[in-house]
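Student: any chance you could fold what I've pasted below:
(one chain, ligands or ions: 2)
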Amino acid sequence: MQKWKLSRYTVVFRSESGDAYFHNSYMGALALVPAAEFSRIEGLLGREITKNDNEILDELCANGFFFPSGTDEKKFVSDVLSRENQSGNFDLIILPHENCNFRCTYCYETHKRGRMEPGVIEGLKHLVEKKTAGCSGLSIRWFGGEPLLAPDIIYDLSDSFLRSCEKNGIPYWSHMTTNAYLLTPDVLDKLLQRKINDFQITLDGPEETHDTTRVLAGGGKTFRTIYNNLLEMKRRDDEFTVSIRINFNNESLALMEDFFASISQSFGDDRRFGLYLRPIGKYGGPNDDNIEVCEPAYAKVAEMELSERYLQFGYLDRLVKKSLQSHGQVCYAGKESSMVIGADGTIYKCSVSFENPDNHVGKLLPDGSLDIDKSKWDLWVANKNIDHQACESCPVYPLCQGKYCPRSSIKENKPVCPMTRTTYSQLVQLAANGHTRFQ
Ligand code: SF4
Ligand code: SF4
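Tutor: Residues are numbered from 1 along each chain as shown. Ligands and ions are numbered 1, 2, ... in the order given. So this is what the prediction gives:
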């Protein structure tokens with residue numbers, strides 16, 4: 001009879017009450033086993049088992065927490081992950097305008113470049129035309145600066161990309177990171193017509209804190225305009241998703257509970273709007289010495305605690321749960337299939353360190369060809385900094401594969417882990433407890 005053993009990618013956390021949370025990072029599976037039941041199976045977890053030993057163990061086997069004995073699980077998983085990594089999708093991050101109508105106090109971008117040049121627009125159309133003939137799907141992320149400073153370029157490129165995908169019969173996904181100041185109903189109409197239907201929009205907490213950090217380039221408040229645009233979105237029946245990113249710092253932390261209550265009145269009942277939290281950080285911008293941030297070790301704990309608190313108010317973003325699935329913590333900068341195209345045609349891997357020469361990996365030419373500096377490209381994708389021993393024996397290897405943040409790995413000359421064990425445990429409990437409160 002087939003024997004099973006606990007998967008090397010299954011981690012078990014105990015809550016204060018003794019309940020056990022199981023997470024398998026290859027399957028992305030989560031399970032909660034109440035304390036009384038867990039005490040009956042705890043002693044069997046280190047042994048080989050056969051199905052029918054116990055109802056709960058059978059259930060855990062069926063859901064991927066156990067692996068058939070005698071098979072090389074490490075090899076099996078690494079083969080599957082590497083096949084998935086070559087799935088053939090093409091992922092482009094496009095900066096149609098590198099300037100911004102905001103000057104957030106923590107911003108790391110220099111705003112030196114502006115609107116995308118005509119030769120780059122042509123180059124992008126040709127590039128996508130060529131790529132879609134041989135890839136299995138096209139994913140576009142509109143980023144900036146502020147992409148909506150150049151809506152005409154977005155419409156023009158989107159129309160061309162959609163034609164290329166249709167011609168080749170492949171799926172198309174399009175996402176936009178925008179400050180939403182210019183995301184009026186009329187603009188949204190035009191974006192949705194072009195299948196741009198997934199948005200990331202940031203608020204720095206409630207109005208009083210947001211308006212001190214996310215300010216207009218010439219000075220001026222932004223919260224009301226963004227919030228009104230979000231409310232206008234909510235009034236529509238269309239299908240789209242909005243990830244509301246809430247940035248917090250020491251100052252806004254104390255105001256979050258009230259803010260959650262008010263945001264939940266507007267969006268808490270609408271599955272299209274999911275929320276996630278991030279600490280404001282020092283990202284290398286000119287104002288880093290003057291900005292108010294949470295102490296980094298505490299920031300992650302606060303992020304988890306706030307997320308847990310928000311569960312009673314509305315939907316958490318699917319990103320939270322996705323981060324516990326295989327590939328969920330791999331940055332696009334580390335992927336062979338992904339590149340960022342700047343307004344002047346510069347090709348980047350990372351969408352943060354635009355001024356870092358290591359990140360200038362090539363140039364898009366007007367005929368759609370790519371002039372790539374292979375040695376720089378490989379810095380990001382070849383994973384030379386991976387600590388094979390640590391990563392390959394790591395129980396969450398399928399989540400990050402040593403590619404959580406290639407920028408930090410290059411800088412530190414070693415892989416940088418996405419989370420501590422404490423944060424991991426909090427994330428697992430959050431996801432398991434909140435499975436109905438994700439988009
Ligand atoms: S970087 Fe860290 S979390 Fe990721 S696989 Fe390596 S050891 Fe594990
Ligand atoms: S490499 Fe790091 S900083 Fe750059 S986009 Fe990826 S996670 Fe962000």
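Student: going by C-alpha atoms from here, please, whenever you check contacts or count neighbours.
Tutor: OK.
Student: what about residue 152, how many residues nearby?
Tutor: Residues near residue 152, counting by other C-alpha atoms under 10 Å, number 11.
Student: also residue 124?
Tutor: 25.
Student: buried by neighbour count: which residues of the helix or strand where it lies qualify?
Tutor: Using DSSP states H and E, residue 124 sits in helix 118-132. For helix 118-132, the neighbour count (16 or more other C-alpha atoms under 10 Å) marks 119-129, 131-132 as buried.
Student: and stretch 361-376, by the same measure?
Tutor: 361-366, 368, 370, 376.
Student: and for stretch 101-117?
Tutor: Buried-residue list, stretch 101-117, by 16+ other C-alpha under 10 Å: 101-109, 114-117.
Student: any chance of those in CSV, plus pLDDT?
Tutor: CSV is the format used below for the buried residues of stretch 101-117 (pLDDT from 0 to 100):
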residue, pLDDT
101, 95
102, 95
103, 93
104, 90
105, 88
106, 86
107, 86
108, 80
109, 77
114, 94
115, 97
116, 97
117, 97
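Student: among those residues, which are in reach of ligand 1?
Tutor: Contacts with ligand 1 within these, counted by C-alpha under 6 Å from any ligand atom: none were found.
Student: so which of those is the closest to residue 306?
Tutor: residue 106 (21.3 Å; C-alpha to C-alpha).
Student: quick check: the closest one is in a helix.
Tutor: No. Judged by DSSP: H, G, I helix; E, B strand; the rest coil, residue 106 forms no part of a helix; its state is coil.
Student: what does the protein have sitting close to ligand 1?
Tutor: 390-391, 394, 396-397, 400-402, 415-418.
Student: list buried residues within those.
Tutor: Taking 16+ other C-alpha under 10 Å as the criterion, what is buried in those is 391, 396-397, 400-402, 415-418.
Student: which one of the residues you listed is nearest residue 203?
Tutor: Of those, the one sitting nearest to residue 203 (C-alpha to C-alpha) turns out to be residue 418, at 23.5 Å.
Student: by mean pLDDT, point me to the weakest helix or strand of the chain.
Tutor: The helix or strand of the chain with the lowest confidence, counting by mean pLDDT, DSSP states H and E, is helix 388-392 at a mean of 81.
Student: can I get the helix or strand following that one in CSV, CA atoms only?
Tutor: Counting by DSSP H and E, the next helix or strand C-terminal to helix 388-392 is helix 397-400. What follows is helix 397-400 as a C-alpha-only set of coordinates in CSV (Å, rounded to 0.1, in the frame of the first residue of the first chain):
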residue,chain,number,x,y,z
TYR,A,397,11.7,27.6,-1.6
PRO,A,398,8.7,27.3,-4.0
LEU,A,399,7.5,30.7,-2.9
CYS,A,400,10.6,32.8,-3.6
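Student: mean confidence score for helix 397-400?
Tutor: The average pLDDT within helix 397-400 is 95.
Student: also stretch 142-160?
Tutor: Rounded mean pLDDT across stretch 142-160 is 97.
Student: related to what we said a few turns ago, touching the helix holding residue 124 from outside, list them.
Tutor: 90, 138, 153, 157, 160-161, 164-165, 168, 170, 343-345, 364-369 (C-alpha atoms under 8 Å, 6 or more residues apart in numbering).
Student: go again using 7 Å as the cut-off
Tutor: 157, 160-161, 164-165, 168, 344-345, 364-369 (C-alpha atoms under 7 Å, 6 or more residues apart in numbering).
Student: which sections of the stretch 151-300 of the chain are below the confidence cut-off?
Tutor: 285 (pLDDT under 70).
Student: tell me which residues touch the residue in it positioned nearest to ligand 2, please.
Tutor: Closest residue of the stretch 151-300 of the chain to ligand 2, C-alpha to the nearest ligand atom: residue 283 (8.7 Å). Residue 283 is in contact with residue 108, counting by C-alpha under 7 Å, 6+ apart.
Student: which helices and strands sit right next to the longest helix along the chain?
Tutor: Counting by DSSP state H, the longest helix found in the chain is helix 151-168. Under the contact criterion of 3 or more C-alpha pairs under 7 Å, 6 or more residues apart in numbering; DSSP states H and E, helix 151-168 touches helix 118-132.
Student: now do the helix it packs on against helix 151-168, angle only.
Tutor: 20 degrees (axes from the mean of the first three to the mean of the last three C-alpha atoms, to 10 degrees).
Student: near ligand 2, anything from the next helix or strand after helix 118-132?
Tutor: Using DSSP H and E, the helix or strand that follows helix 118-132 in sequence is strand 137-142. No. Judged by C-alpha under 6 Å from any ligand atom, strand 137-142 stays clear of ligand 2, getting no closer than 12.6 Å.
Student: on contacts alone, who are the packing partners of strand 137-142?
Tutor: Against strand 137-142 (3+ C-alpha pairs under 7 Å, 6+ apart) you get strand 89-94, strand 172-177.
Student: and the angle for the last one with strand 137-142?
Tutor: Angular relation of strand 172-177 and strand 137-142 on a 0 to 180 degree scale: 20 degrees, by the same axes, to 10 degrees.
Student: in its sheet, what does strand 172-177 sit against?
Tutor: Using DSSP bridges, strand 172-177 pairs in its sheet with strand 137-142 (parallel), strand 196-203 (parallel).
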